[in-house]
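Undergrad: Sequence and computational prediction follow.
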Amino acid sequence: MAYDLLGNDGPIVGDDIMGEMLEGDDIMGDDIMGDGRGRNRMMAARAAGIPTRRPALINRLPGVSPPAIGRLPLGFGSLSCSAGTNPSGGSLTARPQVPWRGAKLIIGIVGTNAGNYGVAMRPSIGNRPVLAGAGTIDARAFPSDGINNDLISESASVGIDVTFDFVITPNITGGDTVIIQPTWIGDATV
């Protein structure tokens with residue numbers, strides 16, 4: 001059986017490729033290349049009706065590179081809070097333009113007497129919260145010089161809002177300010 005590099009020859013599965021060339025019970029397709037369990041997994045997938053087609057070895061569109069995964073930041077701008085505007089916090093939203101999954105979160109918090117105020121936050125993707133519980137967490141847990149600022153999330157499709165809700169306690173008074181600027185670095189299709 002010849003193998004079409006463009007993938008136009010129908011369903012290609014491990015034991016179909018090698019099984020027609022090498023007859024025998026012990027030497028079949030995925031067993032040659034894998035750990036001996038490949039044939040069983042392939043047969044179970046077929047029995048369950050799961051497609052077993054392998055992707056083409058060569059891209060079908062000449063001159064067009066296949067999608068790659070890159071590490072890209074998602075910026076949210078900044079939220080300025082003072083006694084006159086947003087004294088108890090607010091929200092920041094970003095809308096990725098490529099499929100994206102958050103991995104490392106950095107939150108900068110600066111301002112006049114900003115250390116006198118607690119800043120809690122709750123991230124969400126679309127209408128789903130990212131945290132394991134319904135509460136908020138301390139935004140200062142994700143400093144720019146932190147060693148392990150991982151907050152791995154589910155993927156956000158193109159055009160799905162990624163939102164941070166911030167709550168400042170107590171309400172800002174006098175001439176104090178709190179300026180919050182989050183950046184979430186994640187894997188994206190580039």
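TA: Nice, thanks for sending it over.

Undergrad: Helix or strand for the closest residue to Trp100 other than its chain neighbours, just tell me which one.
TA: Spatial nearest neighbour of Trp100, excluding adjacent residues (Cβ to Cβ, 6 or more residues apart in numbering): Ala188 at 4.3 Å. Yep, even glycine has a C-beta here, placed from its N, CA and C like the rest. Assigning secondary structure by DSSP states H and E places Ala188 in strand 177-189.

Undergrad: quick one: low-confidence parts of the chain?
TA: 1-43, 45-46, 49-60, 62, 66 (pLDDT under 70).

Undergrad: Break it into its domains for me.
TA: 1-64, 69-189 (automatic domain parsing).

Undergrad: What are the boundaries of the helices in this protein?
TA: For the chain, applying DSSP state H gives helices covering 14-19, 30-33, 38-47.

Undergrad: can you pull the contacts of Val178?
TA: With contact set as Cβ atoms under 8 Å, 6 or more residues apart in numbering, Val178 has these partners: Ser80, Cys81, Ser82, Ile109, Gly111, Ala114, Tyr117, Val119, Ile168, Ile172.

Undergrad: circling back: the residue nearest to Trp100 against Pro99, yeah?
TA: Yes: counting by Cβ atoms under 8 Å, Pro99 is a contact partner of Ala188 at 6.5 Å.

Undergrad: If you count neighbours, what's buried in stretch 133-147?
TA: Thr136, Ile137, Ala139, Phe142 (16 or more other Cβ atoms under 10 Å).

Undergrad: same question, stretch 69-80
TA: Leu74, Phe76, Leu79.

Undergrad: For that stretch, give me every contacting residue.
TA: Outside stretch 69-80, the residues that touch it by Cβ under 8 Å, 6+ apart are 86, 89-94, 96, 98, 100, 102-103, 111, 162, 164, 166, 177-190.
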